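Novice: Structure for the following, please:
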Amino acid sequence: MLESELLLVALLALQSTMVLKSAWQQRSLWRKMPPELTQLPFIGNYLQLDTNQMYDSVAFSNWEPSKPLRRCCIAMLQDFGVNRHRIEERIQEEAGFLIKALRDTHVTFTDPTFYLNKTAANIIIFSKGQLFDMFYSVMKHLPGPQQQVFKELQGLEDFVAKKVEQNQRTMDPNSPWDFIDSFLIRMQEEKNKPHTEFHMENLVMTTLSLFFWGVESTSRVLYFSFLVLTKHPEVRVTKIHKEIDQVIGKNRQPSFGDRTKMPYTEGVIHEIQRSGNVTPMGVAPRVTKDTIFRHFLIPRLLLLFPMLGSLLNDPKFFSTPDDFNPQHFLDDKGQLKKTDADVPFSMGRPYCLGEGLARMELFLFLTTILQNFCFKSPQSPQDIDISPKSLSLMRTLPDCTMSFLPR
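Specialist: Prediction:
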């Protein structure tokens with residue numbers, strides 16, 4: 001009996017020693033890691049997560065098993081139009097619809113958010129003329145009460161699912177109209193593969209991902225450009241309008257090829273993206289191996305969010321980072337100059353899925369709007385607030401109304 005008790009005590013002592021040793025080793029490891037949110041024993045940061053919606057978004061799927069999904073989505077976007085003349089025609093068509101919608105405001109002061117979101121979504125995700133009420137209702141609640149946002153997001157997910165069903169009935173496999181059509185075709189091709197990632201749930205969530213990371217970010221940059229150009233009318237009137245009139249004129253729509261002849265307009269667009277920084281955290285890669293950085297241990301598979309503002313606001317690259325200054329991107333001859341710190345979309349790999357498309361959209365939409373309109377705010381320029389407000393993965397922008405005066 002005594003021997004059994006002694007053995008039990010010895011086992012407990014050994015186990016306690018191993019636990020203490022493990023805890024000491026873990027503590028030593030934590031000391032090597034960068035500062036982070038405080039974790040609870042055993043469960044870590046679990047209580048800080050929303051576990052009801054644990055989806056594999058294509059925006060964050062840079063490691064197995066989601067690499068095939070990401071690669072194919074990139075190929076779909078490129079094949080659908082990022083590298084084709086067809087997408088430019090699509091953007092020009094939507095720009096024409098946007099001009100008509102802004103004319104129909106009849107110079108009254110209006111919030112342009114709805115029109116910009118709808119136009120951007122129609123390019124890649126939905127067919128032309130798609131009603132946008134569901135998306136708009138979601139964005140009205142950001143930022144806002146969490147439960148209201150989740151309620152709207154669930155409705156948005158249901159809405160996308162219905163749109164997918166509609167595409168299934170109407171799509172032409174030989175001529176996909178939008179991203180959903182392209183994904184559905186791939187689903188059909190892989191329907192007999194038991195572990196394919198091309199299934200309905202991933203289609204819905206990937207579409208939502210493209211909306212929030214592509215559509216919403218593009219529309220916010222355009223919205224911010226309206227704020228900036230209303231606050232700085234000298235930029236719009238004396239420079240951009242002059243380039244538009246000289247290069248494009250008033251009798252044809254802008255084309256993406258015009259940008260090479262419009263360095264000032266391009267510099268303004270780059271500066272709008274830099275100073276607005278509407279997506280302050282870039283696409284997040286995972287660490288491929290244990291890495292030591294500035295004496296800190298960055299363990300393998302850790303998800304890293306690059307803080308783009310650390311470069312976009314670095315005075316080593318931009319002389320007046322707190323000011324809106326298109327000269328940041330122009331050389332002494334007034335030509336566009338490149339800088340490694342120009343990273344409004346992301347840095348490194350994985351890169352932003354729709355970067356090429358977004359650049360084309362920003363140029364064509366902004367030049368088409370400025371070809372047709374001047375902006376007017378109910379406030380004087382010096383009273384217009386253009387300071388972006390931080391909000392997790394995206395920045396909110398000040399509310400404003402403006403009127404669109406035909407040129």
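Novice: Which residue ranges of the stretch 201-350 of the chain form strands?
Specialist: Counting by DSSP state E, counting those that start in this stretch, the stretch 201-350 of the chain has strands at residues 291-293, 296-298.
Novice: Which strands or helices does the first one pack on?
Specialist: Right, the one you point to is strand 291-293. Packing partners of strand 291-293 (3 or more C-beta pairs under 8 Å, 6 or more residues apart in numbering; DSSP states H and E): strand 296-298. (Glycine included, C-beta is placed from N, CA and C.)
Novice: who does the strand it packs on pair up with?
Specialist: Note on strand 296-298: by DSSP bridges, its sheet partners are strand 291-293 (antiparallel).
Novice: So for the strand it pairs with, mean pLDDT?
Specialist: Taken as a whole, strand 291-293 has an average pLDDT of 83.
Novice: repeat for stretch 308-324
Specialist: Stretch 308-324 comes out at a mean pLDDT of 85.
Novice: got the buried residues for that stretch?
Specialist: 308-309, 311-313, 318, 321, 324 (16 or more other C-beta atoms under 10 Å).
Novice: List the single closest residue to His232 in space, sequence neighbours excluded.
Specialist: Take His232 and drop its neighbours on the chain: the residue closest to it by C-beta to C-beta, 6 or more residues apart in numbering is Phe324, 6.4 Å away.
Novice: any idea how far the one you found lies from Asp181?
Specialist: Distance, Phe324 to Asp181, using C-beta to C-beta, to the nearest Å: 40 Å.
Novice: How about Lys338?
Specialist: Distance from Lys338 to Asp181, by C-beta to C-beta: 36 Å.
Novice: more crowded one of these two?
Specialist: Neighbour count, other C-beta atoms under 10 Å: between Lys338 and Asp181, Asp181 has more, with 20 against 9.
Novice: ok, that one - contacts?
Specialist: Residues in contact with Asp181, defined by C-beta atoms under 8 Å, 6 or more residues apart in numbering, are 167, 171-172.
Novice: List the ones among those that fall in helices.
Specialist: If you go by DSSP state H, these have Asn167 in helices.
Novice: Just the ones of the buried residues of stretch 308-324 in helices?
Specialist: Using DSSP H, the buried residues of stretch 308-324 in helices are 309, 311-312.
Novice: ok, which stretches of the stretch 151-300 of the chain are helices?
Specialist: Applying DSSP state H, counting those that start in this stretch to the stretch 151-300 of the chain gives helices spanning 179-189, 200-210, 216-231, 233-235, 241-247, 263-276.
Novice: List the buried residues of the first one.
Specialist: Taking 16+ other C-beta under 10 Å as the basis for neighbour counts, the residues of helix 179-189 that come out buried are 179-187.
Novice: Can you tell me which of the residues you listed is nearest Asp331?
Specialist: Phe179 (37.7 Å; C-beta to C-beta).
Novice: Now do the closest one against Val278, distance only.
Specialist: Phe179 is 22 Å from Val278, by C-beta to C-beta.
Novice: Poorly predicted segments of the stretch 101-250 of the chain, please.
Specialist: 124-156, 209-214, 236 (pLDDT under 70).
Novice: give me the element the nearest residue to Ser219 once chain neighbours are set aside is part of.
Specialist: Of all residues not flanking Ser219 in the chain, Leu116 sits nearest, at 3.9 Å (C-beta to C-beta, 6+ apart). Per DSSP states H and E: Leu116 is located in helix 113-124.
Novice: tell me which strands and helices that helix is in contact with?
Specialist: Checking 3+ C-beta pairs under 8 Å, 6+ apart, helix 113-124 ends up next to helix 85-103, helix 133-139, helix 216-231, helix 355-372.
Novice: Nearest to Arg70, out of those helices?
Specialist: Of all the helices and strands packed on helix 113-124, helix 355-372 comes closest under C-beta to C-beta, at 14.1 Å.
Novice: helices and strands around the closest one, which ones?
Specialist: With contacts taken as 3+ C-beta pairs under 8 Å, 6+ apart, helix 355-372 sits against helix 85-103, helix 113-124, helix 216-231, helix 241-247, helix 263-276.
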